[in-house]
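*Asks:* pasting the sequence and the predicted model now:
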Amino acid sequence: MGRLLPAGFLLGLLSSVLVAQTVDHYATLGIKRTASLAEVKRAYRAKALTSHPDKARPGEAEAATDAFRRIAEAYETLSDPQERRRYDAGGGRSGGGGSGGFRGGGGGAQREWFWSSAGGFGRGDGRHSWRNAHHEHFLRPEVRRAQERPIKLRSLGHLRSSALGDDGRTERAVLLALTDGTEACAATLKFETQFPAPFAGWSDATMGSGLWWEDVLQTYTGDMKADTKLGTLFGASAGGACPTIVFVRKGEALESFEALRGASARHWKAFSDWVWDRLRTVVTIRNLHHSAVQLWWATGRTAHKLSLLESGQVVEQHSFISHRFFAWDARTEGTTLADDTLLATKTLSGWEHEELVVRTRCVDGHGACGFWRQRGECVRNPAFMDAKCQRACGKCPPEEACRDVEEACPTWAAEGHCAGNAAWMLPNCRRSCGACEGGDSDDAARARRKDEV
């Protein structure tokens, strides 16, 4: 005879089911019921960014996490045409008309059950639950947050509708993890591969800053038992190597995929190295400042010093999407390089060749200027502070009009003298050389393009 369950438990379960069934996915995303798939995608990306726990105020991270789960559930339902029709036919009730388990409706109760049962991405029988709970304790917080980000696929059709544009090519890069439906495979993916960390949420996950990965790369998880077509397309099978990681570059058909399989995909470092290798890019750094600058690049909280870049010099640097570049005047003093000493910065986010242009602007000459200002040195020691800490003390002069000193500046710029005679040209032909803080003028852009032809 089965054990009787407490009445309170049954009432709580019934309440949870009713809540899940009455979730309005359209209201969650802030769209009309007639919204197109493109509108669904735009709404999801905007909502997902604002709901990220790393951007929540103190004490509100848990609420932000719950909000994102609701947003993800709404998107997973409304981005799948078949599931959206089922949801609409059920009167806009989540979970109606589903077949149960993973392939059922997009309700929060089912999605949460799917995650909590397997500790990740598949339906489990509980045999590994004790081990999963043990490993869960050792996952870093940023890894756990990243594992909330992937879209849970119901089918190959769901992937196509979510990832592809009208031209049948990916709108962003695709990073997909396929499992065989077993709890063991799901646990491997979650605790050993640690998919999709660090490629979801913020690139600087510990600080909640940097590149928002979903702007360039969308992560997914899929169960090959739920839809064998997923495995067939990507050359995987439920009885084969577990897990299978798939990468498709932006602007490609899904068939143009690369895959990491089996043992090679089971360790977090092998997985992350494999993905990083597909995120290579090149940045051109152009120094239009009137003096030499010191370059740095950073990933996460780790910074690396590069070479000096002389005035007028141009250099190409091989790097990776999400890495950040910084430029300071080489004469800047102090052991801390604060934001107010910074001439230029750029976070690499494009798949094509990118450019960082360093221009003259009013900055502090010492990294401690902000600290000294807080101690009142702008008032107590104005002679030194006004000269060394203009920005910190609010002494930056008004931006004068971007202009050339000589009428012949456009001609000289077109002849290549902005680079060939930078020490004179950059201060005296600012407009023609594109050296103003606001960016290139039309003349400067035309001159530079002519110079590069």
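*Replies:* Done, it's in. Residues are numbered from 1 along each chain as shown.

*Asks:* now do the buried residues in stretch 424-438.
*Replies:* Neighbour-count burial for stretch 424-438, counted by 16 or more other CB atoms under 10 Å, picks out 424-436. To be clear about C-beta, it is placed using only N, CA and C from the backbone, and glycine gets the same treatment.

*Asks:* oh, that last question was meant for stretch 388-398, not what I typed.
*Replies:* Within stretch 388-398, the residues that count as buried by 16+ other CB under 10 Å are 388-393.

*Asks:* compute the first-to-last residue distance for that stretch.
*Replies:* 17 Å (CA to CA, to the nearest Å).

*Asks:* in the stretch 301-450 of the chain, which spans are strands?
*Replies:* For the stretch 301-450 of the chain, the strands defined by DSSP state E, counting those that start in this stretch occupy 302-309, 314-320, 324-329, 342-347, 354-358.

*Asks:* in a markdown table: those, plus distance to Lys190 and mean pLDDT.
*Replies:* Converted to a markdown table, the strands of the stretch 301-450 of the chain look like this (distance: least, CB to CB, whole Å; pLDDT from 0 to 100):
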| stretch | distance to Lys190 | mean pLDDT |
| --- | --- | --- |
| strand 302-309 | 26 | 90 |
| strand 314-320 | 25 | 94 |
| strand 324-329 | 29 | 94 |
| strand 342-347 | 28 | 93 |
| strand 354-358 | 34 | 94 |
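
*Asks:* low-confidence bits of the stretch 351-453 of the chain, can you list those?
*Replies:* 399-401, 437-453 (pLDDT under 70).

*Asks:* again, only this time at 90
*Replies:* Within the stretch 351-453 of the chain, the segments meeting pLDDT under 90 span 351-353, 361, 397-453.

*Asks:* returning to that earlier point: columns distance to Phe199 on top of the buried residues of stretch 424-438, output as TSV?
*Replies:* What follows is these, written out as TSV (distance: CB to CB, whole Å):
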residue	distance to Phe199
Trp424	46
Met425	43
Leu426	39
Pro427	43
Asn428	46
Cys429	44
Arg430	41
Arg431	42
Ser432	42
Cys433	39
Gly434	35
Ala435	37
Cys436	37
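
*Asks:* which one among the residues you listed gets closest to Ser36?
*Replies:* Gly434 (40.2 Å; CB to CB).

*Asks:* does that closest one touch Glu355 like I think?
*Replies:* No - with contact defined as CB atoms under 8 Å, Gly434 does not reach Glu355; the gap is 11.4 Å.

*Asks:* what is the neighbour count of Arg140?
*Replies:* Using other CB atoms under 10 Å, the number of residues around Arg140 comes to 13.

*Asks:* contacts only, for it.
*Replies:* By CB atoms under 8 Å, 6 or more residues apart in numbering, the residues touching Arg140 are Ala197.

*Asks:* and it, what pLDDT?
*Replies:* We have a pLDDT of 87 for Arg140.

*Asks:* phi and psi next, for it.
*Replies:* When read as degrees, to the nearest 10, the backbone of Arg140 gives phi -60, psi 150.

*Asks:* so what's the residue count around Gly300?
*Replies:* Applying other CB under 10 Å, we find 17 residues neighbouring Gly300.

*Asks:* check contacts around it.
*Replies:* Residues counted as contacts of Gly300 (CB under 8 Å, 6+ apart) are 198, 203-206, 210.

*Asks:* also Cys362?
*Replies:* When contacts are counted by CB under 8 Å, 6+ apart, Cys362 touches 390-391, 396-397.
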